[in-house]
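>>> Below: sequence and its predicted model.
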Amino acid sequence: MEMVGFLFATLIGITLGLVGAGGSILTITVLVYVLNISPTLSTTYSLFIVGITSFVGSIDYFRKGLVDLEKGLFFSFPAFIMVFLMRTFVMPHIPEIVYESSTLTVSKNLMVMLIFALLMIGASYSMIRSNKRPTEQISHKISYWMIFVEGILVGILTGFVGAGGGFMIIPAMVIFAKLPMKKAVGTSLLIITINSTFGAIGDFSAGIALDWYFLTKFAGFTIAGILLGGYLSKKIDGEKLKPAFGWLVLVVGCWVIVKELILQ
């Protein structure tokens with residue numbers, strides 16, 4: 001199954017390169033259900049894998065002038081603080097059994113996967129409706145306050161489930177920061193890189209042991225994928241692919257809920 005997982009890793013990178021979001025969602029799904037890694041550890045692995053892959057992808061956007069450093073760093077500031085706090089002080093102190101009664105036991109892993117599934121469903125809605133959002137800048141002022149609040153929310157979600165939050169970052173960059181779509185995608189990759197880096201630092205400081213050999217291989221395939229995705233983005237409009245990808249994410253999110261609650 002490891003080679004199947006690495007094949008999916010390449011597809012994850014292609015998705016990030018084309019769409020600019022969804023990498024973490026696919027990464028955690030593959031790590032948990034294809035490679036049988038525990039959900040809690042998968043969130044740590046996802047931060048490392050998606051972080052380094054987004055960094056590589058952002059370089060090409062930066063060279064093309066499609067990264068807004070000022071707005072990206074402004075968004076990242078509250079986000080990476082929340083990510084670091086979540087990974088350092090919150091996640092390690094959540095008990096393995098969150099709730100237990102005679103009829104129901106909720107483990108930490110189950111809670112993570114259920115919240116992750118709800119996040120997938122929310123992400124799918126954003127992606128399905130992506131082609132209905134305006135992609136050009138409009139005249140009224142940039143809402144730095146809303147950018148800051150959105151950064152806090154993304155940081156909390158990233159810290160909890162290990163997802164980069166691209167599906168929230170890109171709309172925020174378009175709607176509140178007034179960036180055109182291409183620049184929003186490039187800026188999103190920069191923000192995901194920063195958030196994931198601080199999340200991984202939080203895990204390291206908490207003493208979580210990582211399989212570096214596996215991570216290097218998996219990240220290598222995702223990097224190859226995002227480079228290929230960046231090349232394909234010149235020929236394919238990623239925005240047109242988002243609704244179809246959103247429906248896939250919706251189906252997988254519903255399947256995760258059924259798998260964890262009924263088929264377990």
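Ah, there it is.
>>> Now do the phi/psi pair for the residue sitting furthest away from the middle of the chain.
Going by CA atoms, centre = their mean, the residue of the chain most distant from its centre is Ser102, 35.7 Å out. Backbone torsions for Ser102, taken as degrees, to the nearest 10, come to phi -70, psi -20.
>>> that's a strand at Val98, yeah?
Yes - counting by DSSP: H, G, I helix; E, B strand; the rest coil, Val98 is found in a strand.
>>> Who are the contact partners of it?
106-108, 110-111 (CB atoms under 8 Å, 6 or more residues apart in numbering). For every residue, glycine as well, the C-beta is placed using N, CA and C.
>>> among those residues, which are in helices?
Among the contacts of Val98, the members found in helices (DSSP state H) are 108, 110-111.
>>> Run through the neighbouring helices and strands of the lowest-mean-pLDDT helix or strand in the chain.
When the helices and strands of the chain are scored by mean pLDDT, DSSP states H and E, helix 166-175 comes last with a mean of 79. Contacts defined by 3 or more CB pairs under 8 Å, 6 or more residues apart in numbering; DSSP states H and E place helix 166-175 against helix 23-33, helix 69-85, helix 108-128, helix 144-161, helix 181-205.
>>> looking at the ones you listed, which is buried most?
Using mean count of other CB atoms under 10 Å, the stretch among the helices and strands packed on helix 166-175 with the greatest mean number of neighbours is helix 23-33 (a mean of 27).
>>> low pLDDT regions in the stretch 151-264 of the chain?
164, 237-239, 264 (pLDDT under 70).
>>> Apart from its chain neighbours, what residue comes closest to Phe218?
Leaving aside its sequence neighbours, Phe218 sits nearest to Ala9 (CB to CB, 6 or more residues apart in numbering; 5.1 Å).
>>> For that neighbour, list the residues it contacts.
27, 30, 49, 218-219, 221-222, 225.
>>> Doesn't it belong to a helix?
Yes - counting by three-state DSSP, one finds Ala9 located in a helix.
>>> I'd like the average pLDDT over stretch 28-40.
Stretch 28-40 carries an average pLDDT of 90.
>>> Now the terminal residues of that stretch, how far apart.
For stretch 28-40, the first-to-last residue distance is 10 Å (CA to CA, to the nearest Å).
>>> From the rest of the structure, what touches it?
Against stretch 28-40 from outside (CB under 8 Å, 6+ apart): 1-2, 4-5, 8-9, 12, 42-43, 45-46, 91, 108-109, 112-113, 116, 161-163, 252, 256, 259.
>>> ok, back up a step: can you put the ones in helices among the contacts of Val98 in a markdown table and add distance to Phe214 and pLDDT?
What follows is those, written out as a markdown table (distance: CB to CB, whole Å; pLDDT from 0 to 100):
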| residue | distance to Phe214 | pLDDT |
| --- | --- | --- |
| Lys108 | 22 | 90 |
| Leu110 | 24 | 91 |
| Met111 | 25 | 91 |
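>>> so Thr105 touches Glu96, yeah?
No - look at Thr105 against Glu96 with CB atoms under 8 Å: they stay out of range, at 10.5 Å.
>>> Who has more neighbours out of the two?
Thr105 (11 against 8; other CB atoms under 10 Å).
>>> so what pLDDT did that one get?
For Thr105, pLDDT reads 87.
>>> Find the nearest non-adjacent residue to it, please.
Ile97 (6.6 Å).
>>> same question, Gly23
Nearest to Gly23 is Leu16, by CB to CB, 6+ apart, at 4.1 Å.
>>> Can you report how many residues neighbour Met3?
7.
>>> ok so it is a helix residue?
Yes - remark: Met3 belongs to a helix, assigned using three-state DSSP.
>>> What's the separation between it and Ala123?
Met3 is 27 Å from Ala123, where distance means CB to CB, to the nearest Å.
>>> Same question for Phe218.
Counting by CB to CB, the gap from Phe218 to Ala123 is 21 Å.
>>> before we move on, what about Ile49?
On the measure of CB to CB, Ile49 and Ala123 end up 18 Å apart.
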